[in-house]
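J.: curious how this folds, go ahead:
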Amino acid sequence: MPRAPFHAVGAALLLMLACQAPDAQGKPPSPSAQTDVTAKDYEMPPLPRAWVRLHDAFGGVHRVEVEVAATPEARTRGLMWREELAAGKGMLFLFPEEEVQSFWMRNTLIPLDMLFITTQLKVAGIVERAEPRSLVSRSVGVPSQYVLEVPGGWSQSVGVTKGSAVEFEGVSSIPIVP
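T.: I've put the predicted structure just below:
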């Protein structure tokens, strides 16, 4: 069997070592580390937590504990691959600007209500019980800067409607990454 020239072996060795470069914390990369944020086995870092208070049509207030998606990666990942979402829980998406937002349900396994919220903290519209695993674009067709996802059917069950007032707790300190 012919031998490879020394420089070819050296180059191959350098390439292998470069592929094993440590991460920012000095740890070698995991051999199974997934870089596609939409992949099931992608390891999403923990998201900030906060609260959203929604006023219903009857004068009541409903407090939802949320994970906050304020980066492009977190907004893309959303609630993909979650098998359940308990009542009183949700995800709040923060966008850099108020504009017409649209969402899909790719890799989302559970039905969700999507509440589109304006910069004036009013519900601009609601998409109820969005169908899981769908690429259909969902929007309310009016500008919003925030979107709250909660379990499907929650909005109707508590009486939150278009025009409902919204309050955030613990959100103002979270930076929004464009």
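J.: gap between the two ends of stretch 78-89?
T.: Stretch 78-89 has its terminal residues 13 Å apart, counting by CA to CA, to the nearest Å.
J.: now do that stretch, average pLDDT.
T.: For stretch 78-89, mean pLDDT rounds to 95.
J.: now that stretch: buried residues?
T.: Gly78, Leu79, Met80, Trp81, Leu85, Lys89 (16 or more other CB atoms under 10 Å). Where C-beta positions appear, they are placed from N, C-alpha and C, glycine not excepted.
J.: for the protein, give me the ranges with low pLDDT.
T.: For the chain, applying pLDDT under 70 flags the ranges 1-33.
J.: residue nearest the centroid of it?
T.: Geometric centre of the chain, nearest residue: Gly78, 2.3 Å, by CA atoms, centre = their mean.
J.: may I ask which helix or strand encompasses Ile110?
T.: Assigned by DSSP states H and E, Ile110 falls within no helix or strand.
J.: and what of Ala74?
T.: helix 72-77.
J.: picking up where we left off before, between the buried residues of stretch 78-89, which is nearest Pro143?
T.: Closest approach to Pro143 among the buried residues of stretch 78-89 (CB to CB): Gly78, at 19.8 Å.
J.: quick one, phi psi at the closest one?
T.: Dihedral pair for Gly78: phi 50, psi -130, per degrees, to the nearest 10.
J.: from memory it sits against Met91, does it?
T.: Yes. Assessed by CB atoms under 8 Å, Gly78 is found in contact with Met91 at 6.3 Å.
J.: common neighbours of these two, please.
T.: Here Gly78 and Met91 have Ala69, Glu149 as joint contacts, going by CB atoms under 8 Å, 6 or more residues apart in numbering.
J.: residue contacts, the closest residue to Gln156 other than its chain neighbours?
T.: Setting aside the residues directly before and after it, Gln156 is nearest to Glu128 in space (CB to CB, 6 or more residues apart in numbering), at 6.3 Å. With contact taken as CB under 8 Å, 6+ apart, Glu128 is in contact with Asp113, Gly152, Gly153, Ser155, Gln156.
J.: many thanks, have a good one.
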